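K.L.:
sequence and predicted structure below; questions after.
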Amino acid sequence: MKDAIKKVPIPICGVMLGMAALGNLLQSYSEGIRSACGIVAAILMALFLLKIIMFPKMIREDMNNPIMASVSGTFSMALMLLAGYAKPFMGAAAMYIWFAAIALHVVLIVYFTVKFIFKLDMKKVFASYYIVYVGIAVAAVSAPAFDRQGMGAAAFWFGFVTLLAMLVLVTVRYAKYREIPNPAKPLFCIYAAPASLCVAGYAQSVTPKSYGFLMAMYALAAALYVIALVKAIGFLKLPFFPSYASFTFPFVISAIASKQTMACAAKMEMPLPFLKYVVLIETIIATALVLYTLARFMAFIFAKPKEAAAAK
């Protein structure tokens, strides 16, 4: 078991986040499915916490890598969502977990900015940078569970402003330096996440809402989703890398964004009935990608040494 824990990579937090978000996406179909997703996410969290306890030096070393440091933000994002899962069992205590997750993400923003943004190296910029800054908008998505829409709105606006900044920075990097090592290629799929996350956060925590603003954000989110999905098809042919975690949350939050946009448009009496088909298709794609990625991660972590070497 110790050898398996040692192989747990920081990107497993991305799968944990994807599972927690998938449960919320599928909640309208079944509370049981949501609970199952929450349990799986909690197990993945336990594996990662064991890695921190048993191999802290490895985690510290990873935090000096801009990719790993940025991807670590998926832990606090997942914790925000899991606090909502815990609320029926923990009551008010779950809110303190939510507060702690937000505080942890703020600490990451400060750390990452000082260590990597102040000493910017464009060749080391990847789509994972979105996680650090726009990722806090998960607080806007999860805020209604704790009746903290004010905090959620603040998180949304921070996420939206940094989305615009990161969109320029990350896009310039990919346009200027097109040589991407294979282990980092799947990270491009994270492009699908930030605009969709802002759409979901806006729908959940910001009032009053602007139909035009919502539609503009959703149009951007939809365009980035299509680009990321096309790229993902090619990246799935690559050997397994921990960056496969990029196939999870970005596609789940895109489906959630479509679902939230459809609901908001209906409330504004400007319904978009065609979105129900978009939501269904995106939900199927997201579910398939999350389950596939989970299976690949488990095979990698619990494989025997020869099998693990072959997976690399």
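P.N.:
Received the coordinates, thanks.
K.L.:
residue contacts, residue 45?
P.N.:
Residue 45 is in contact with 13, 16, 75, 78-79, 82, counting by C-beta atoms under 8 Å, 6 or more residues apart in numbering. For every residue, glycine as well, the C-beta is placed using N, CA and C.
K.L.:
what about 6 Å?
P.N.:
Applying C-beta atoms under 6 Å, 6 or more residues apart in numbering to residue 45 gives the contacts residue 16.
K.L.:
in what helix or strand does it lie?
P.N.:
helix 31-54 (DSSP states H and E).
K.L.:
following that helix in sequence, what is the next regular element?
P.N.:
Downstream of helix 31-54 (by DSSP H and E), the next one is helix 56-62.
K.L.:
so for that next one, what gets flagged as buried?
P.N.:
Buried residues in helix 56-62, counted by 16 or more other C-beta atoms under 10 Å: 59, 62.
K.L.:
pull the residues that contact that helix.
P.N.:
When contacts are defined by C-beta under 6 Å, 6+ apart, helix 56-62 is touched by residues 10, 52, 68.
K.L.:
just stretch 157-166 next, same as before
P.N.:
Counting by C-beta under 6 Å, 6+ apart, 129-130, 133-134, 136-137, 194, 198 sit against stretch 157-166.
K.L.:
grab the most central residue of this structure for me.
P.N.:
In the chain, the residue lying closest to the centroid (C-alpha atoms, centre = their mean) is residue 249, at 4.2 Å.
K.L.:
reformat the contacts of stretch 157-166 as CSV; add distance to residue 226 and pLDDT.
P.N.:
Formatted as CSV, these follow (distance: C-beta to C-beta, whole Å; pLDDT from 0 to 100):
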residue, distance to residue 226, pLDDT
129, 21, 98
130, 17, 98
133, 23, 98
134, 19, 98
136, 25, 98
137, 21, 98
194, 15, 98
198, 17, 98
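K.L.:
from those, list the buried ones, please.
P.N.:
129-130, 133-134, 136-137, 194, 198.
K.L.:
for stretch 18-37, C-alpha coordinates in PDB please.
P.N.:
Presented in PDB, the C-alpha positions along stretch 18-37 are these (Å, rounded to 0.1, in the frame of the first residue of the first chain):
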ATOM      1  CA  GLY A  18     -14.200  16.100 -11.400                       C
ATOM      2  CA  MET A  19     -16.000  13.500  -9.400                       C
ATOM      3  CA  ALA A  20     -17.400  16.000  -6.900                       C
ATOM      4  CA  ALA A  21     -18.700  18.200  -9.700                       C
ATOM      5  CA  LEU A  22     -20.000  15.200 -11.600                       C
ATOM      6  CA  GLY A  23     -22.200  14.300  -8.600                       C
ATOM      7  CA  ASN A  24     -23.700  17.700  -8.600                       C
ATOM      8  CA  LEU A  25     -24.300  17.500 -12.400                       C
ATOM      9  CA  LEU A  26     -26.000  14.100 -12.100                       C
ATOM     10  CA  GLN A  27     -28.000  15.000  -8.900                       C
ATOM     11  CA  SER A  28     -31.200  15.700 -10.900                       C
ATOM     12  CA  TYR A  29     -31.100  12.100 -12.200                       C
ATOM     13  CA  SER A  30     -30.400  10.400  -8.800                       C
ATOM     14  CA  GLU A  31     -29.400  11.400  -5.300                       C
ATOM     15  CA  GLY A  32     -27.800   8.000  -5.000                       C
ATOM     16  CA  ILE A  33     -25.400   8.700  -8.000                       C
ATOM     17  CA  ARG A  34     -24.500  12.000  -6.400                       C
ATOM     18  CA  SER A  35     -23.700  10.300  -3.100                       C
ATOM     19  CA  ALA A  36     -21.600   7.700  -4.900                       C
ATOM     20  CA  CYS A  37     -19.600  10.400  -6.700                       C
END
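K.L.:
in that stretch, which residues are buried?
P.N.:
Neighbour counts over stretch 18-37 (16+ other C-beta under 10 Å) mark 18-26, 33-34, 37 as buried.
K.L.:
list the contacts of that stretch.
P.N.:
Contacts of stretch 18-37 with the rest of the structure, by C-beta under 6 Å, 6+ apart, involve 38, 40-41, 78, 81-82, 248-249, 252-253, 255-256, 290.
K.L.:
try 8 Å
P.N.:
38, 40-41, 44, 78, 81-82, 84-85, 245, 248-249, 252-253, 255-256, 259, 283, 286-287, 290, 293-294.
K.L.:
among those residues, name the ones in helices.
P.N.:
The helices, defined by DSSP state H, take in 38, 40-41, 44, 78, 81-82, 84-85, 249, 252-253, 255-256, 259, 283, 286-287, 290, 293-294 from those.
K.L.:
which of these are buried? Put it as a PyMOL command.
P.N.:
Remark: buried members of those, expressed as a PyMOL selection using 16+ other C-beta under 10 Å:
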select buried, resi 38+40+41+44+78+81+82+84+85+249+252+253+255+256+259+283+286+287+290+293+294
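K.L.:
mean confidence score for stretch 216-226?
P.N.:
Mean per-residue pLDDT for stretch 216-226: 98.
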